[in-house]
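Undergrad: Provide a 3D model corresponding to the input given below.
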Amino acid sequence: MRDSFSTFHPVVNFTYFTTVILFSMFFMHPIFQGIALTSAFTYSVSIKGKKGMKFNLFYLLPMLLLMAALNPVFNHAGVTILFYARDGNPVTLESILYGIASAAMFVSVILWFSCYNEVMTSDKFIYLFGRIIPALSLIFSMVLRFVPRYTEQIKVISNAQKCIGRDVSQGNIIQRAKNGIKILSIMTTWALENAIETADSMRSRGYGLPGRTSFSIFTFDNRDKIMFSIIFGLIIAVLTGAAAGENTIRFFPSIKHADITVYSLLVYTAYFILCMMPVIINIREAIRWKHIESRI
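TA: Alright, predicted model coming up:
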């Protein structure tokens, strides 16, 4: 599915991801965590397809289950004792639920950052912060590109070494270790040379100099204004509910949370719409495109 949300202005994209990441980190209420996890998972799959589904199911889901299972092993706080382990330590309901909430929070943040990395490209980040913090914005944009770009480069190096019999899968253990060190050395040399070339290129272009102008393809049009207003309104609604205590929960020594009321349901709905906003936009654009195709 084509990601229509990424076509909005960088201010809209950055505001959205900053908000949902912070909310996912600080809202430990199970309903908020469930909404954030479901929304991040759905958006990740919608923009990455089968690759995102595979990563989420085979890496993040086991991580979620492992973190949720480890917490009651080391954390024995809570008054609701379910049973005793072989070492005599109690396993409590509160520690289990807190472990699930913590694991959901951790996985949600990872998913949001993976979506952020797909949408907020380096040119968008430099556009937002290039004039305020030119050096730091350039370094940060390079860091964001580090993993995907260097992963592809190390595959190229490994394939080249495999052709001459020097891959980590060839030879005995000692030879494989030597081949791995050789590949790592080549990769390090390439990374250092690439960093120097990038720095020289940006310096020759006058990056960071006062009064320097730069070309930009981004314009804050009416569509961006409407979307930013909707996101800002949803943020205010969620923050108002948080100030009223609708997102608070206490795990220890016993579980205590605010009662579910009509107002809390409205807050949950606002948070759900906020988190699912990119998916809603993509579905809407896909329906419009199908409608246009049917009329041709």
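
Undergrad: apart from its chain neighbours, what residue comes closest to residue 250?
TA: Using CB to CB, 6 or more residues apart in numbering and skipping residues adjacent in sequence, the residue nearest residue 250 is residue 256, 4.4 Å away. (Glycine included, C-beta is placed from N, CA and C.)

Undergrad: surely that neighbour meets residue 249?
TA: Yes. The pair residue 256 / residue 249 is scored as a contact, 7.2 Å apart, by CB atoms under 8 Å.

Undergrad: which one's more surrounded, the two?
TA: Each of residue 256 and residue 249 has its neighbours counted (other CB atoms under 10 Å); residue 249 has more, 19 against 10.

Undergrad: for that one, which non-adjacent residue is closest in space?
TA: Leaving aside its chain neighbours, residue 249 sits nearest to residue 257 (4.2 Å; criterion: CB to CB, 6+ apart).

Undergrad: show me what contacts that neighbour?
TA: 29, 248, 249, 250 (CB atoms under 8 Å, 6 or more residues apart in numbering).

Undergrad: spatially central residue for the protein, please.
TA: Centre of the chain computed as the mean C-alpha position; nearest residue by CA atoms, centre = their mean is residue 113, 1.6 Å away.

Undergrad: residue contacts, that one?
TA: Shown in contact with residue 113 (CB under 8 Å, 6+ apart): residue 21.

Undergrad: for the helix or strand containing it, buried residues please.
TA: Element membership for residue 113, per DSSP states H and E: helix 93-119. By neighbour count with 16 or more other CB atoms under 10 Å, helix 93-119 contains the buried residues 93-112, 114-116, 118-119.

Undergrad: one more: stretch 258-270?
TA: Buried, per 16+ other CB under 10 Å, within stretch 258-270: 264, 267, 268, 270.

Undergrad: what's in contact with it?
TA: With contacts defined as CB under 8 Å, 6+ apart, stretch 258-270 is touched by 31-32, 35, 234, 237-238, 240-242, 244-249.

Undergrad: what do you get for stretch 148-166?
TA: By CB under 8 Å, 6+ apart, stretch 148-166 touches 117, 167-171, 179, 182-183, 186-187, 190-191.

Undergrad: so which pair among these is furthest apart in space?
TA: Using CB to CB, the contacts of stretch 148-166 span at most 36.0 Å, a distance reached by 117 and 171.

Undergrad: look up the pLDDT of the residue nearest to the centre of the chain for me, please.
TA: Residue 113 is assigned 90 on the pLDDT scale.

Undergrad: what does the one 10 residues further on give?
TA: At residue 123, the model reports a pLDDT of 76.

Undergrad: against residue 5, how distant is it?
TA: As defined by CB to CB, to the nearest Å, residue 123 lies at a distance of 17 Å from residue 5.

Undergrad: of the two, which one has the most company?
TA: Comparing residue 123 with residue 5 by other CB under 10 Å, the one with more neighbours is residue 5, at 22 against 14.

Undergrad: hmm, residue 283 and the more buried one touching each other?
TA: No. Using CB under 8 Å, residue 5 makes no contact with residue 283, being 10.8 Å away.

Undergrad: thinking again about what came up before, looking at the buried residues of stretch 258-270, which are in helices?
TA: Using DSSP state H, 264, 267, 268, 270 are the members of the buried residues of stretch 258-270 that sit in helices.

Undergrad: turn the residues you listed into CSV, columns for pLDDT and distance to residue 74.
TA: Formatted as CSV, those follow (pLDDT from 0 to 100; distance: CB to CB, whole Å):
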residue, pLDDT, distance to residue 74
264, 90, 32
267, 93, 33
268, 93, 31
270, 95, 36
